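1. Below is the sequence, then the predicted model.
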Amino acid sequence: FKQSNMTMKELAPLEGALESILNRLAFLENKIGGCPPSAVASTVVEDDEVAPALSAYDEHIQNSLTPFVEACNGITGLKETGSHIHDIWMGLRSIVEIGTKCQKPKDVQGSIMPFLKPVQDAIGKIRQAHLDRKYDWHIKAIMEMLVCASWVVMSAPPAPSTFIKDTIGSSDFWANKIRKEYKGKEDKDAKMNRAFCDNMKKLITDLSAYAKEYHLSGLMWNARGMPIGDYKPSSSSGSDPAPAAAPEATPSSTPSSVGNVMKELALKRTGEGTSAATGLKKVSREQQTWRKEFKSDTAATTVKPSQIKASQKITAAKKVVTRAPKKEFIPVGAKWIVEHQTKDSNPNGVCVIEIKNPKEQVYIYKCENATIQIKGKLKSVILDSCVKSNLVFESAISSCEVVNCKRIQIQSTGICPSYSIDKTDGCLVYLSAEAVPISGFVTSKSSEMNVSWLDEKSGEQKEAPIPEQFVHKLQNGSITSDVSDLYH
């Protein structure tokens, strides 16, 4: 008995091949008139008879799909994903059944698209499922696997079996992440996740082997079958036909929503979706602007330079963003924040800050055409990204810093031991008589820096530039620097 079962399994592929040959011979026979139409019609496969291709597909569902669905159901977070995948495979079964009972239509894709609606709906439900982020890799692996579901609308090249097998790499990319996460763990959840990955790969491999054996160059059709318009699916096919389906469906008669999912999945893997020029309109020589044959429909208009400059000014004006001026004291750190001050943002054009504690600091940022007066002794003051602004303060315990500024004037009525000027163009510092002997300057990447002070002997206000040019020499293994002769 065991020996006879093995023999039947070995003969199953031969039966499929023989039936394919008989179908092709019958088609040729009918085409050349060797067999009357009535004889062809009489050879239609009976409803009760199961074709080898359909029987093999049922075996594929039992051996490969069922374990994968059970693995999905065993993972709590995947909810109803397993049942949706089962619906997809049963929907594909209905297409295989159509192929065993119907003749090949002129427009294969347009004719079977109405019967693929259950497949499309199930794929849409998987896409729209709101699952926990923990299962992102599972869903991505499943979506990569479902690309192979479009094999029923393909025709070689590539062969459906090759097309299906190519999805193993992309789905395994995400499955390997799951395997790595649960590697070395032996709890029930880890085993179920590893079974999910293994059974998914087995499902794709088995489907590829099935397609290679029974659908080598595309979905196999029955040359002696009925027209697809006369086909009525059986109750077990798992597919509801479109109402009043036409015998030869055309793309224009198919609703725009039908087939979008399958087309998207097919284009993801075939050469039709890989070209950058896919779907572009063909341009004739007269429409190519770089050719001599090109003739523009509209007359060329000349633009005056003044118009260009005016448009640039308007564009630049639109880009200016004005922000509200700010003067705020932050108790944490004892710091004043002064921002976006202008000459019009304060009474008499002066922003006044009153210091109550010598530990307080002042930070001045992005002020333009502003005058800022600080009353009282403070710890330090910083000017950052200011333009055409003036700063007057009494005394600073630590320092006064100027960073990223342009055309700044600073006056200290008291004492400030240190001035730091960095990345600034145009800075004039006024020193009081008592600050002259103790004030120092540290500069870097700055230009047009000057210091002004009152000469006690002559009573005149003097001004001198801070050197920007230096002469460096290598002497006795070290570099010495001297101010350039321009400042002497």
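-> Now that the structure is in, tell me what you want to look at.

2. Spatially central residue in this protein, please.
-> The centre of the chain sits closest to K140, judged by C-alpha atoms, centre = their mean, with a distance of 14.9 Å.

3. Setting aside sequence neighbours, what's the nearest residue to it?
-> W174 (4.5 Å; C-beta to C-beta, 6 or more residues apart in numbering). Every residue, glycine included, has its C-beta placed from N, CA and C.

4. check contacts around that neighbour.
-> In this structure, W174 makes contact with 137-138, 140-141, 144, judged by C-beta atoms under 8 Å, 6 or more residues apart in numbering.

5. Spell out the secondary structure type for it.
-> Put simply, W174 is helix when judged by DSSP: H, G, I helix; E, B strand; the rest coil.

6. neighbours of Q469, just the number please.
-> Q469 sits with 9 neighbouring residues when counted by other C-beta atoms under 10 Å.

7. To clarify, my last question referred to L131.
-> Using other C-beta under 10 Å, L131 has 14 other residues around it.

8. now swap in H472 and tell me
-> When neighbours are defined as other C-beta under 10 Å, H472 has 8 of them.

9. and A396, bridged to which residues?
-> Residues in a beta bridge with A396, per DSSP bridges, are L378.

10. now swap in the one 5 residues further on and tell me
-> The partner list for E401 in beta bridges (DSSP bridges) reads I382, S420.

11. I'd like to know how far it sits from S217.
-> Distance of E401 to S217, computed by C-beta to C-beta, to the nearest Å: 79 Å.

12. So for those two, which residue has more residues nearby?
-> Neighbours were tallied for E401 and for S217 using other C-beta under 10 Å; the higher tally belongs to E401 (18 against 12).

13. gap between that one and S444?
-> Separation of E401 from S444 (C-beta to C-beta): 12 Å.

14. What are the boundaries of the helices in the stretch 151-300 of the chain?
-> With helices called from DSSP state H, counting those that start in this stretch, the stretch 151-300 of the chain shows them at 160-165, 167-181, 188-214, 260-269.

15. What residues sit buried inside the shortest one?
-> Using 16 or more other C-beta atoms under 10 Å as the test for burial, helix 160-165 gives 160-161, 163-165.

16. do the second one as well
-> Using 16+ other C-beta under 10 Å as the burial criterion, the residues of helix 167-181 that qualify are 167-168, 170-172, 174-175, 178-179.

17. Residue ranges in the stretch 301-450 of the chain under the pLDDT threshold?
-> Residue ranges of the stretch 301-450 of the chain with pLDDT under 70: 301-321.

18. Break down it into its helices, ranges please.
-> In the stretch 301-450 of the chain, the helices defined using DSSP H, counting those that start in this stretch lie at 305-319.

19. what's the distance between the nearest residue to H86 once chain neighbours are set aside and I95?
-> Excluding its sequence neighbours, the residue lying closest to H86 (C-beta to C-beta, 6+ apart) is V69, at 5.2 Å. Distance, V69 to I95, using C-beta to C-beta: 19 Å.

20. try K445
-> In this view, K445 and I95 are 73 Å apart by C-beta to C-beta.

21. Which of the two has more residues huddled nearby?
-> A count of neighbours by other C-beta under 10 Å puts I95 above the other of K445 and I95, at 19 against 11.

22. That one and L116 touch, don't they?
-> Yes: assessed by C-beta atoms under 8 Å, I95 is found in contact with L116 at 6.9 Å.

23. Closest one of the contacts of W174 to P358?
-> W137 (60.5 Å; C-beta to C-beta).

24. The helix or strand hosting the closest one: how far from the chain's middle?
-> Following DSSP states H and E, one finds W137 within helix 136-145. Centroid separation for helix 136-145 versus its chain: 17 Å, with C-alpha atoms, centre = their mean, to the nearest Å.

25. quick one: that helix to helix 167-181, angle?
-> Helix 136-145 and helix 167-181 are oriented at 170 degrees to each other (axes from the mean of the first three to the mean of the last three C-alpha atoms, to 10 degrees).

26. in helix 136-145, what's buried?
-> For helix 136-145, using 16+ other C-beta under 10 Å, the buried residues are 137-145.

27. again with stretch 67-81
-> Under the neighbour-count criterion of 16+ other C-beta under 10 Å, stretch 67-81 has 67-69, 71-75, 78-79, 81 buried.

28. Next, the distance between the ends of it.
-> One end of stretch 67-81 sits 14 Å from the other (C-alpha to C-alpha, to the nearest Å).

29. cool, and stretch 375-388?
-> Note: stretch 375-388 ends 21 Å apart using C-alpha to C-alpha.

30. do stretch 345-354 as well
-> End-to-end span of stretch 345-354 (C-alpha to C-alpha): 17 Å.

31. what does stretch 476-488 give?
-> End-to-end distance for stretch 476-488: 26 Å, by C-alpha to C-alpha.

32. pLDDT of it, averaged?
-> Averaged over stretch 476-488, pLDDT sits at 87.

33. What lies in contact with it?
-> For stretch 476-488, the external contacting residues (C-beta under 8 Å, 6+ apart) are 465, 467, 469-474.

34. which of those residues has the most neighbours?
-> Going by other C-beta under 10 Å, P467 tops the contacts of stretch 476-488 with 14 neighbours.

35. how close does that residue sit to L383?
-> Distance of P467 to L383, computed by C-beta to C-beta: 22 Å.

36. before we move on, what about H138?
-> Noted for H138: a distance of 57 Å to L383, by C-beta to C-beta.
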